[in-house]
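Novice: coordinates only, sequence not included:
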C-alpha cells in the first residue's frame, strides 16, 4: 500500500512509479505496517468460574465465546492474533500469527482451558509487555476484581510503548444484582475468606458499592490511556462485540 509523503518520512521508500503517474510523492507501506497485531489476554483465575443457580453459564465460558469470535474476525481480515492465559502470572501464550489455519489451534486451546489460582493481572501484563516486540492491540478480558494501582501502572507502561490497550470487565448478572434472599455463607473463590450474612440486609449497600467500584475502575483505566467496557454475561456475545468494535 501507499501513503502520501509527509516531512520526516524515509525517502528511501519513495515510489517513483507512482510519482510518474500522479506527480505526487508517495511512500511504500509494507505488510508489517498495515496489518494489526492483536494480543488477546484471558483471565483464567478462580473468580472467572462464577455462576448462579438461575444462570449457570460461568463468566469464563462466556468469555471464551468472545475470545473465539475476536480471533476469527481478526484472522479473517488478515491480522496476526496472539492469545495469552493468565491468573497469578502468564500461564501460557500463543504468539501472534496471521495464518487462517491458526484458528484451529487457538480454538483447541480455548476448549481445553480451565480456571484456577488467584489473580495477579498487573504482573501478568508486565510479563506480557516484556515479551512484546512490536506495537499491538491488547484486549484484556477479566472481571478485574484486582484492579489495583499496580494494574494502572502496568497499563500506562503498555500505552507508553505505543500499544492500544482495551479492557472488557466481565460480570455475571448475579454479581450485579445480588438477587439472594436467604441467609447464607458467602465464600471467596480465590482465598479462604467467608462471610455469613442475610443478603436482603446488604443488597442495596452492595449494589451501591459495586457501582462505585465499577465507576472508579473505568475512570482509572481511561486515565491510564486505555479503553474500557463493562460486559454483562446475560448479554448476547454478538451484541457485546458489536459495542466493543464500535467503541
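Specialist: Arrived safely. These numbers come from a predicted model, not from an experiment.
Novice: From now on I want contacts and neighbour counts done on CA atoms only, so please keep to that.
Specialist: Will do.
Novice: you'd agree residue 200 is up against residue 181?
Specialist: Yes: assessed by C-alpha atoms under 8 Å, residue 200 is found in contact with residue 181 at 5.5 Å.
Novice: Have a look at these two and say which one is more surrounded.
Specialist: Just comparing residue 200 and residue 181: by other C-alpha atoms under 10 Å the higher neighbour count belongs to residue 200, 15 against 11.
Novice: by contact count, what packs against the lengthiest helix in the chain?
Specialist: Under DSSP state H, the helix in the chain containing the largest number of residues is helix 199-223. Applying 3 or more C-alpha pairs under 8 Å, 6 or more residues apart in numbering; DSSP states H and E, one finds that helix 199-223 contacts helix 149-160, helix 173-177, strand 227-232.
Novice: Quick one: residues in contact with the longest one.
Specialist: Applying C-alpha atoms under 8 Å, 6 or more residues apart in numbering, the set of residues contacting helix 149-160 from outside is 121-123, 125-126, 129, 164-165, 220-221, 224-226.
Novice: Recalculate using a threshold of 6 Å.
Specialist: With contact meaning C-alpha atoms under 6 Å, 6 or more residues apart in numbering, helix 149-160 is reached by 122, 126, 224.
Novice: I'd like the next helix or strand past the least confident helix or strand in the chain by mean pLDDT.
Specialist: When each helix and strand of the chain is scored by mean pLDDT, DSSP states H and E, helix 31-34 comes last, with a mean of 50. Next in sequence after helix 31-34, counting helices and strands by DSSP states H and E, comes strand 37-43.
Novice: what about the next helix or strand after that next one, average pLDDT?
Specialist: Per DSSP H and E, the first helix or strand lying C-terminal to strand 37-43 is helix 59-76. Across helix 59-76, pLDDT averages out at 96.
Novice: distance of the residue lying closest to residue 237 once chain neighbours are set aside from residue 107?
Specialist: Spatial nearest neighbour of residue 237, chain neighbours left out: residue 66 (6.2 Å); criterion: C-alpha to C-alpha, 6 or more residues apart in numbering. Separation of residue 66 from residue 107 (C-alpha to C-alpha, to the nearest Å): 11 Å.
Novice: Doesn't residue 91 belong to a helix?
Specialist: No: Residue 91 is assigned strand when assessed by DSSP: H, G, I helix; E, B strand; the rest coil, not a helix.
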